[in-house]
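1. Coordinates for the following, if possible.
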Amino acid sequence: MAQGNGQQVHVDRNLALELVRVTEAAALAASRWMGKGDKNAADGAAVEAMRRAFDTVAISGTVTIGEGEMDEAPMLYIGEKVGLYARAGGGPEVDIAVDPLEGTTLTAKGGPNAMAVVALAQKGGFLHAPDIYMDKLAVGPGLPDGVVHMDASVEENLRELAKAKGRDVSDLVVCLLDRDRHREIVKRCRAAGARIMMLSDGDVSGVVAVSQPETGVDVYMGSGGAPEGVLAAAALRCIGGQMQGRLMFENEEQIARAREMGITDPNRIYGLEDMARGEVMFAATGVTTGPMLRGVRHYGAGAITHSIVMRSKTGTVRYVEGHHNFALKPAAFTA
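-> Numbering: from 1, shown residues only. The predicted model follows:
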């Protein structure tokens, strides 16, 4: 993907917009199921639309973060080949990480902050994360390296982060998923004086929020899906920030499975570059409106989408508003 010549840079730029088309397709499809109470149907629609959209992208891609193993998912399974050149060969070889619908329950209930997410890296660029939990810790850009650390206490991390920002701990906002397993973290954050922002679902957007000043989030803590952790790391590689992650194994079977995926140290703390190496791109399109993106808005024979796309090579972040005319748009992008 990165060969250091002008032609390759031009291809990279085109790929960034192509990724937006992929997330737009998934978001448009999922939005038809918003508030209908069927999260599986919403997810299935997003997956199918995203898979079809990938067939138009000039890459030879391999899904490394996907919907599950081949026997668990009909499409976008781990190891699946996607892209215009996937079967014929040719085109840049890249790794793909997808979450066709982050926030399936949110979509089914008509709740906020659901979105379609894709990340792309050079071949071998993404951590092959098993579908288990990952403990995560993330802060935004412009801070000293290692200002927070996963092995430090909650109180120490809050104290050091406040010091680095020139603020009081009481000024800090901690974002995390609203789960029973986070009760102790919440209790300790509140006792230290920090404020809390809980998410019902969607920890990709929660991690990315630390790098967006308008969200008011200073630090992300707690556990969520490991695949979502890799996607969030890809975003932070582009937009800036620090992140650490540690896989949370529940039994020996999971550890053995991880070894097959190349993970030899079950206690390792992964940094940003460990989870998303080399040149990385990230794109997301809102399904329902949240702090980061507006949701799909349907009107007559069309719809409006709101997306974000970013590249680690340049650090450029673009917001894209798409106006879609269903009378003219290919069926693969409107289902």
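
2. In terms of residue numbering, what are the domains of the chain?
-> Here the domain parsing of the chain from automatic domain parsing is 6-124+280-333, 133-275.

3. mean pLDDT for the ones you listed: which is lowest?
-> Sorting the domains of the chain by mean pLDDT places domain 6-124+280-333 lowest, at a mean of 90.

4. Can you give the distance of that one from its chain's centre?
-> 11 Å (CA atoms, centre = their mean, to the nearest Å).

5. list the contacts for the nearest residue to H182 once chain neighbours are set aside?
-> Leaving out its chain neighbours, the residue that sits closest to H182 by CB to CB, 6 or more residues apart in numbering is G222, at 4.8 Å. Using the backbone N, CA and C atoms, a C-beta is placed for each residue, glycine as well. With contact taken as CB atoms under 8 Å, 6 or more residues apart in numbering, G222 is in contact with D135, K136, L176, L177, R179, R181, H182, I185, D203.

6. which residues does G222 bridge with?
-> K136 (DSSP bridges).

7. For the stretch 51-200 of the chain, which segments count as strands?
-> Assigned by DSSP state E, counting those that start in this stretch, the stretch 51-200 of the chain shows strands spanning 60-65, 81-82, 93-102, 115-122, 133-139, 173-177, 195-199.

8. Grab the most central residue of this structure for me.
-> Among the residues of the chain, the one closest to the centroid is L231, at 3.4 Å (CA atoms, centre = their mean).

9. still on that earlier bit, how about the strands of the stretch 51-200 of the chain, which one is nearest M34?
-> M34 sits nearest to strand 93-102 of all those, at 10.6 Å, using CB to CB.

10. Paired strands for the closest one, with orientation please.
-> According to DSSP bridges, strand 93-102 forms sheet pairs with strand 60-65 (parallel), strand 115-122 (antiparallel).

11. Of those, flag the one that's most buried.
-> Stretch with highest mean neighbour count among the strands paired with strand 93-102: strand 115-122 (a mean of 28; mean count of other CB atoms under 10 Å).

12. State the helix or strand in which the nearest residue to L120 once chain neighbours are set aside lies.
-> Once flanking residues are discounted, L120 sits nearest to M281: 4.6 Å by CB to CB, 6+ apart. If you go by DSSP states H and E, M281 is part of strand 280-286.

13. likewise I255?
-> Here I255 is assigned to helix 252-260, by DSSP H and E.

14. residue contacts, the nearest residue to R195 once chain neighbours are set aside?
-> Closest residue in space to R195, ignoring its immediate chain neighbours: V173 at 4.9 Å, by CB to CB, 6+ apart. Residues near V173 by CB under 8 Å, 6+ apart: A194, R195, I196, M197, G216, V217, D218, V219.

15. And for the residue lying closest to the fourth one once chain neighbours are set aside, the neighbour number?
-> What it means is M197. Nearest residue to M197 in three dimensions, chain neighbours excluded: C175, at 4.6 Å (CB to CB, 6+ apart). If you count neighbours by other CB atoms under 10 Å, C175 ends up with 24.

16. Now do the contacts for C175.
-> For C175, the contacting residues are M197, M198, L199, G206, A209, V210, V217, V219, Y220, M221, by CB under 8 Å, 6+ apart.

17. Residues in a beta bridge with the third one, which ones?
-> According to DSSP bridges, the residues that bridge with L199 are L177.

18. how many other residues sit next to it?
-> By other CB under 10 Å, the residues close to L199 number 23.

19. list the contacts for it?
-> So L199 contacts N113, C175, L176, L177, D178, S205, G206 (CB under 8 Å, 6+ apart).

20. how close does it get to G271?
-> In this view, L199 and G271 are 23 Å apart by CB to CB, to the nearest Å.

21. hmm, back to that, which one of the contacts of L199 is nearest to L84?
-> Using CB to CB, the contacts of L199 come closest to L84 at S205, 29.4 Å.

22. how close does the closest one get to R268?
-> 26 Å.

23. Please say which of those two ends up with more neighbours.
-> S205 (29 against 12).

24. Can you verify my assumption that the more buried one contacts T288?
-> No: under the criterion of CB atoms under 8 Å, S205 makes no contact with T288, lying 11.3 Å away.

25. Now for these two: what residues contact both?
-> With CB under 8 Å, 6+ apart, S205 and T288 have common neighbours N113, M115.
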